[in-house]
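Colleague: Give me coordinates for this.
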Amino acid sequence: MSKQRSCILNLLHSPADIAEENFADGIQTVTSLVFKTSFPFSSLVLSAGFRSPADGWLLLEAQVCVKDKWSGFYKLGLLSGKMKSSFPAQQDNFARVETDELVLSVPAEAYRFRLKLFGGAEITLLAATAVGASFSYDEKSASRLPAGAFARGIEPISQMEQNHPDRRRICSPTSLCMALNALGFKTALKDLLPEVFDQTAGIFGNWVFNVAAASSRGAEAYVRRFSVLDELKDFVTEKSLVVASIGYNRGELAGAAIEHTPGHLVLIRGWKDGKVLVADPAALKQDLVLRAYDAREFAKAWLCNKKGAAYVVRKK
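Modeller: Have a look, this model is predicted:
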């Protein structure tokens, strides 16, 4: 196993991971067991699928352990049938919350989560992903594509053609919308946009909220970190797709829909002849959305620059 792969944690939690559960004032509080990682980690993301009546809600929280000392619980997202919101700045000596990601000041060796549910809200899936403090990028192994070729049919959508004041900032829900439609969860982008909007941060790209919106429409979705392109063979299929977070400077991704970006989301739909096949929503027109990017350049933009951050969206 490459060093790059050995310092990424991806874990789907189950009901067996619960240590304590109680009810008070109509709120169900669920606290997990302690999860120790095999490496010190520098960031943590929790994502959840849930279902809820309109008045129900779910609060995601996590705490970390650094040198046998526990932090308090950090609020990572409030989800409900009516709205989704992150929280104002949370920072202490242990960590800070950057909208949808817990970033450690000092590497941690363990974490646990806490869920607060109200009004009939239920968890359908909970995932954790963490990145090791010693993360390093191995270009040779990371950029190797799966054998053969695969191309998933996608109905393209250009975010730039949308009649929306923030059309330059809706790459995440546009990519997610294409994935949902391809998998049979028919979705209109105009309906998806308010579902993923983070009212506190004022953004459409909150990872946790995009995943929750996909789950509420019947898909199984969660945030995951990838370490090598070869992993795509298990996640880009007829029943599963990957929305990848990429970042690159001018000249680093040949043929890109936008010249440079610190952060952008694209839908990965396959691979062929040394290229990663994508649906890039930043294309100016719908007929330019489907593109092919050099595997080495794409791997750097995604697996190196963004440490493999992605949403997996699939049929249950």
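
Colleague: Relative to residue 185, how far out is the most centrally placed residue in the chain?
Modeller: The residue lying closest to the centre of the chain (Cα atoms, centre = their mean) is residue 223, at 3.3 Å. Relative to residue 185, residue 223 is positioned 18 Å away (Cβ to Cβ, to the nearest Å). Quick note: C-beta positions are derived from backbone N, CA and C, even for glycine.

Colleague: show me where pLDDT drops low in this protein?
Modeller: Applying pLDDT under 70 to the chain flags the ranges 1-5.

Colleague: all helices for it, in order.
Modeller: 3-6, 139-142, 171-182, 189-196, 207-216, 232-235, 295-299 (DSSP state H).

Colleague: For the second one, what is the distance to the chain centroid?
Modeller: Okay, so that is helix 139-142. 22 Å (Cα atoms, centre = their mean, to the nearest Å).

Colleague: Mind listing residues that contact it?
Modeller: 2, 4, 227, 228, 229, 296, 299, 300, 303, 304 (Cβ atoms under 8 Å, 6 or more residues apart in numbering).

Colleague: which residue packs closest to residue 303, ignoring adjacent ones?
Modeller: residue 142 (4.8 Å; Cβ to Cβ, 6 or more residues apart in numbering).

Colleague: quick one on the thing from earlier: quick one: closest of the helices of the chain to residue 241.
Modeller: helix 171-182 (4.4 Å; Cβ to Cβ).

Colleague: Pull the number of nearby residues for the residue lying closest to residue 123 once chain neighbours are set aside.
Modeller: Among residues not flanking residue 123 along the chain, residue 50 sits closest, at 5.4 Å (Cβ to Cβ, 6+ apart). Using other Cβ atoms under 10 Å, residue 50 has 22 neighbouring residues.

Colleague: start the count at 51, not 1, going forward
Modeller: Sure, I'll start numbering at 51, so the last one becomes residue 100.

Colleague: so what's residue 100 up against?
Modeller: Contacts for residue 100 (Cβ under 8 Å, 6+ apart) come out as 108, 129, 171, 172, 173, 174, 262, 265, 266.

Colleague: check contacts around the last one.
Modeller: Read it as residue 266. 99, 100, 101, 131, 245.

Colleague: How much space separates it from residue 273?
Modeller: 16 Å.

Colleague: Could you pull up the residues touching residue 342?
Modeller: Here residue 342 is in contact with 305, 322, 325, 326, 327, 328 (Cβ under 8 Å, 6+ apart).

Colleague: which of those count as buried?
Modeller: 325, 326, 327, 328 (16 or more other Cβ atoms under 10 Å).
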